[in-house]
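Peer 1: coordinates only, no sequence provided:
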């Protein structure tokens, strides 16, 4: 029974996507996987103090430079892929390094939080990606404007909470942030399919979109889980 279900799933996947789009998605996900590993390398460097903490500012500037290069030099015909992969991996490593302080905090609270966040992020990404792929073409593209509005609202709430110091507002912002990033997985996945159908072969740019989504979900889950565990420990000790 299980083998029949798996076979049916694979066949439905093959029938849902045209061969060029399916090939493009495989390349995008392969590039995304390598970017995630590169971010993991950066995180290991940060958490093991292999580079001095003072280098954090330079790494942030470096990540911004790599991102700028990726954005200003699109590659719709796929001829500059090798060079742009280097930019993406540079951005990924430095982004992972930037996660160092948050990862160290989570390790102090409870090291298992990192594993939980990784597994949860993987499950969320796979689930929402499959939902986007098997949904009607373009169904989730209307989310673009809504998600952008919510993203701006999150920024305003974060700024306001600098002065308000509200726990309720912090919780709303944290969980709404996870919701927004999940929405972006739906939106970006369908946008990638539509762009490829229109002729775009920019594997790196499409992988970058998904990498930012994955990193955002992981970061927000890490924050929420760490805060919840810390509060639980405080209640237990009080």
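Peer 2: Right, received. Where do you want to start? A quick note: this is a predicted structure, and the numbers were derived from the prediction, not measured. Numbering: from 1, shown residues only.
Peer 1: going forward, measure contacts and count neighbours with C-alpha atoms only.
Peer 2: OK.
Peer 1: skip the chain neighbours and tell me the closest residue to residue 194.
Peer 2: The spatially closest residue to residue 194, leaving aside those adjacent along the chain, is residue 138, at 7.4 Å (Cα to Cα, 6 or more residues apart in numbering).
Peer 1: name all residues that make contact with the one you found.
Peer 2: 190, 191, 194 (Cα atoms under 8 Å, 6 or more residues apart in numbering).
Peer 1: likewise residue 147?
Peer 2: Under the contact definition (Cα under 8 Å, 6+ apart), the residues listed for residue 147 are 180, 183, 184.
Peer 1: and the helices in the chain?
Peer 2: In order along the chain, the chain carries the following helices (DSSP state H): 2-16, 19-47, 56-72, 81-98, 100-109, 112-134, 143-164, 167-197, 203-237.
Peer 1: out of the ones you listed, which gets the lowest mean score?
Peer 2: Between those, the one with the least mean pLDDT is helix 2-16; it has a mean of 53.
Peer 1: re earlier: nearest to residue 95 among the contacts of residue 147?
Peer 2: The shortest gap between residue 95 and any of these belongs to residue 184, at 18.8 Å (Cα to Cα).
Peer 1: what is the neighbour count of that closest one?
Peer 2: Residues contacting residue 184 under the criterion other Cα atoms under 10 Å number 25.
Peer 1: cool, and residue 201?
Peer 2: Neighbour tally, residue 201, other Cα under 10 Å: 22.
Peer 1: one more: the one 3 residues further on?
Peer 2: If you count neighbours by other Cα under 10 Å, residue 204 ends up with 29.
Peer 1: and for residue 223?
Peer 2: For residue 223, the neighbour count with other Cα under 10 Å is 18.
Peer 1: and which of the contacts of residue 138 is nearest residue 125?
Peer 2: Once Cα to Cα is applied, the member of these that ends up nearest residue 125 is residue 190, at 13.5 Å.
Peer 1: what's near enough to touch the closest one?
Peer 2: For residue 190, the contacting residues are 132, 133, 137, 138, 140, 141, by Cα under 8 Å, 6+ apart.
Peer 1: for the residue nearest in space to the middle of the chain, give its distance to residue 48.
Peer 2: For the chain, the residue whose C-alpha lies nearest the mean C-alpha position (Cα atoms, centre = their mean) is residue 214; its distance is 1.7 Å. In this structure, residue 214 lies at 23 Å from residue 48, with Cα to Cα, to the nearest Å as the measure.
Peer 1: ditto for residue 67
Peer 2: In terms of Cα to Cα, residue 67 sits 25 Å off from residue 48.
Peer 1: who has more neighbours out of those two?
Peer 2: More crowded of residue 67 and residue 48, by other Cα under 10 Å: residue 67, with 17 against 11.
Peer 1: was I right about the more buried one contacting residue 91?
Peer 2: Yes - applying Cα atoms under 8 Å as the test, residue 67 and residue 91 come out as touching, 6.3 Å apart.
Peer 1: so residue 204 makes contact with residue 85?
Peer 2: Yes - in this structure, residue 204 is within contact of residue 85 by Cα under 8 Å, at 6.2 Å.
Peer 1: can you list residues touching both of these two?
Peer 2: Both residue 204 and residue 85 are contacted by residue 31, under the criterion Cα under 8 Å, 6+ apart.
Peer 1: need the residues that contact stretch 168-186.
Peer 2: With Cα under 8 Å, 6+ apart as the test, stretch 168-186 has contacts from 124-125, 128-129, 131-132, 140, 143-144, 147, 150-151, 154, 157-158, 161, 210, 213-214, 216-217, 220-221, 223-224.
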